[in-house]
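>>> Attaching a predicted model along with its sequence, questions to come.
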Amino acid sequence: MHISDVIRSGKEGSEYSIRGWIYRTRSSGSIVFSVIRDQTGIMQCTVKKSDVPAAEFDAAGKALIESSVECTGILKKDERAPGGFELRATGFRVVAFADPFPITANQSEAFLLDNRHLWIRSREQTAVMKIKETLLQGAREWFSESGFFEVTPPILTTNACEGGTTLFSLKYFGEDAYLSQSAQMYLEATAFSLEKVFAVTPSFRAEKSRTPRHLTEYWHMEAEEAWVDNEGNMKIQEDLISAIASAIAGRRKDELELLGRKAEELKVIEPPFERLTYSKAIEILNGKGKELAWGDDLGTDEERLLTEDYLKPVFVTSYPKTLKAFYMKDNEEDPRTYKCADMLAPEGFGEIIGGSERETDYSKLVRRLEEQKIPMEPYRWYLDLRKFGSVPHSGFGMGVERVLRWICRLEHIRDATPFPRTPSRIYP
């Protein structure tokens with residue numbers, strides 16, 4: 001049985017068998033105290049020399065941390081033990097003896113990253129991975145209930161979506177190709193048949209950013225919706241984030257507590273989220289001591305200042321055209337800006353979603369490509385979408401690891417993925 005099920009049963013005096021890996025171990029001569037972990041938690045097994053065969057007792061004493069074992073024993077209450085119960089062993093089998101484990105207390109961050117394949121066994125990393133699974137599951141459930149279809153766009157592409165300077169290039173049978181920055185354009189194409197679509201794919205950005213919120217490879221949850229304007233797009237985003245927070249709060253209370261996060265704090269993540277125009281944001285930031293001109297981008301520090309006092313995410317809308325991509329819809333209320341919005345996580349965790357209403361005017365898109373000196377040919381197929389029955393439509397992209405970092409209050413985004421890829425790391 002899983003450890004959590006044994007503890008939850010509370011049937012003192014009953015016999016159970018568990019299996020897993022040694023989390024910690026110590027011996028007092030005639031007794032070995034072996035704390036075993038599995039995917040559900042940890043439990044102490046007390047192995048007495050008088051209660052098990054001699055060979056099994058000797059094996060228990062020799063088994064080091066991370067040895068894989070099976071233990072059968074009688075459940076007993078013991079407030080000193082993890083979870084308040086322990087197994088008094090009647091049998092103890094070592095499946096595989098481990099070498100001395102290289103990870104000990106107070107290791108450097110670089111050492112832990114070099115040994116990431118072992119460090120992900122830690123209880124903290126295990127908790128993060130479980131919460132991430134629930135994040136993805138909760139999002140998929142919400143999309144399905146809201147009438148979205150999950151589709152499977154390609155990772156190999158011939159065109160940029162977020163700017164050519166951050167593309168990873170490769171040769172595809174002699175042709176120039178790239179790793180996808182975003183599935184957006186392919187989702188737009190499928191939205192003209194399925195109307196509401198989403199995808200979860202890896203995205204790649206060749207940015208040499210060394211900040212706590214940047215990865216060169218990350219998981220991207222993106223959606224496109226036909227017949228939806230920018231305001232409707234923001235409503236979809238806040239409903240999605242609320243559903244994710246609710247799913248995690250309801251299903252991962254123990255894991256959140258292990259990471260120092262209370263599930264109750266996520267239950268307040270409900271719509272509506274406050275909306276600030278970019279112009280208002282500049283005004284607020286200058287009032288907090290920044291010296292920003294209209295048109296300046298909002299960086300990590302600016303986003304932190306904007307959201308440090310909020311408990312829920314905040315939208316910043318109507319960014320200047322110079323700061324955003326060519327495919328966004330003109331804002332009639334302020335021609336200098338697009339109909340777009342970034343969702344910023346509260347407490348200074350920064351942008352987690354970027355979205356916009358998409359430009360439907362063929363001639364405007366062509367003109368923007370020409371003005372920005374972007375080669376037209378790779379975008380011919382994308383421009384076709386405006387020539388054959390285009391409709392108002394919107395979409396967004398959510399960085400899965402960024403949302404996870406905020407929800408788990410992780411110091412660095414690299415701890416939101418099992419094997420982080422950054423400008424300085426591609427091993428292991």
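Sure thing, it's come through.

>>> ok, residue 197 to residue 183 distance?
10 Å (C-beta to C-beta, to the nearest Å). C-beta coordinates here come from the backbone N, C-alpha and C atoms, glycine included.

>>> So those two - more neighbours on which side?
A count of neighbours by other C-beta atoms under 10 Å puts residue 183 above the other of residue 197 and residue 183, at 30 against 26.

>>> Once you drop chain neighbours, what's closest to that one?
Take residue 183 and drop its neighbours on the chain: the residue closest to it by C-beta to C-beta, 6 or more residues apart in numbering is residue 153, 3.9 Å away.

>>> helix/strand/coil for the one you found?
coil (DSSP: H, G, I helix; E, B strand; the rest coil).

>>> Tell me which stretches of this protein form helices.
3-9, 54-62, 109-114, 116-119, 123-145, 184-194, 230-251, 253-258, 263-266, 278-287, 300-307, 362-371, 380-384, 400-408 (DSSP state H).

>>> Ok, which of the ones you listed comes nearest residue 332?
helix 230-251 (11.5 Å; C-beta to C-beta).

>>> Which elements pack onto the closest one?
Applying 3 or more C-beta pairs under 8 Å, 6 or more residues apart in numbering; DSSP states H and E, one finds that helix 230-251 contacts helix 123-145, strand 217-226, helix 263-266, strand 314-317, strand 340-345, strand 350-357, strand 393-399, helix 400-408.

>>> starting at the chain centroid, how far to that helix?
Offset of helix 230-251 from its chain centre (C-alpha atoms, centre = their mean, to the nearest Å): 15 Å.

>>> looking only at pLDDT, what's the mean for that helix?
Helix 230-251 shows a mean pLDDT of 98.

>>> Dump the helices of the chain into JSON lines; add distance to residue 82 and mean neighbour count as well.
Listed next are the helices of the chain as JSON lines, based on distance: least, C-beta to C-beta, whole Å; neighbours: other C-beta atoms under 10 Å:
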{"stretch": "helix 3-9", "distance to residue 82": "9", "mean neighbour count": "17"}
{"stretch": "helix 54-62", "distance to residue 82": "18", "mean neighbour count": "17"}
{"stretch": "helix 109-114", "distance to residue 82": "23", "mean neighbour count": "14"}
{"stretch": "helix 116-119", "distance to residue 82": "21", "mean neighbour count": "15"}
{"stretch": "helix 123-145", "distance to residue 82": "11", "mean neighbour count": "18"}
{"stretch": "helix 184-194", "distance to residue 82": "46", "mean neighbour count": "20"}
{"stretch": "helix 230-251", "distance to residue 82": "21", "mean neighbour count": "20"}
{"stretch": "helix 253-258", "distance to residue 82": "12", "mean neighbour count": "17"}
{"stretch": "helix 263-266", "distance to residue 82": "21", "mean neighbour count": "16"}
{"stretch": "helix 278-287", "distance to residue 82": "47", "mean neighbour count": "17"}
{"stretch": "helix 300-307", "distance to residue 82": "37", "mean neighbour count": "19"}
{"stretch": "helix 362-371", "distance to residue 82": "60", "mean neighbour count": "14"}
{"stretch": "helix 380-384", "distance to residue 82": "56", "mean neighbour count": "13"}
{"stretch": "helix 400-408", "distance to residue 82": "22", "mean neighbour count": "25"}
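
>>> Which among these is found nearest to residue 428?
That would be helix 116-119 among those, by C-beta to C-beta, at 5.1 Å.

>>> one step back: any chance of a markdown table for the helices of the chain, columns distance to residue 19?
As requested, the helices of the chain are exported to a markdown table (distance: least, C-beta to C-beta, whole Å):
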| stretch | distance to residue 19 |
| --- | --- |
| helix 3-9 | 9 |
| helix 54-62 | 14 |
| helix 109-114 | 27 |
| helix 116-119 | 20 |
| helix 123-145 | 16 |
| helix 184-194 | 44 |
| helix 230-251 | 24 |
| helix 253-258 | 21 |
| helix 263-266 | 29 |
| helix 278-287 | 54 |
| helix 300-307 | 45 |
| helix 362-371 | 59 |
| helix 380-384 | 53 |
| helix 400-408 | 28 |
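
>>> now for those, which one comes closest to residue 340?
helix 230-251 (6.8 Å).

>>> Next, the angle from the closest one to strand 350-357.
Calculated by axes from the mean of the first three to the mean of the last three C-alpha atoms, to 10 degrees, helix 230-251 forms an angle of 140 degrees with strand 350-357.

>>> May I see the domains of this protein written out as residue ranges?
The chain is divided into the following domains under automatic domain parsing: 3-96, 114-416.

>>> Run a quick neighbour tally on residue 30.
By the criterion of other C-beta under 10 Å, residue 30 has 10 neighbours.

>>> That one - nearest residue in space that isn't next to it in sequence?
That would be residue 49: by C-beta to C-beta, 6+ apart, it lies 4.5 Å from residue 30.

>>> Test my guess that residue 189 contacts residue 385.
Yes: under the criterion of C-beta atoms under 8 Å, residue 189 makes contact with residue 385 at 6.0 Å.

>>> picking that back up, now the phi/psi pair for the residue nearest to residue 30, please.
Here is the backbone geometry of residue 49 (degrees, to the nearest 10): phi -60, psi -30.

>>> No more questions from me, cheers.
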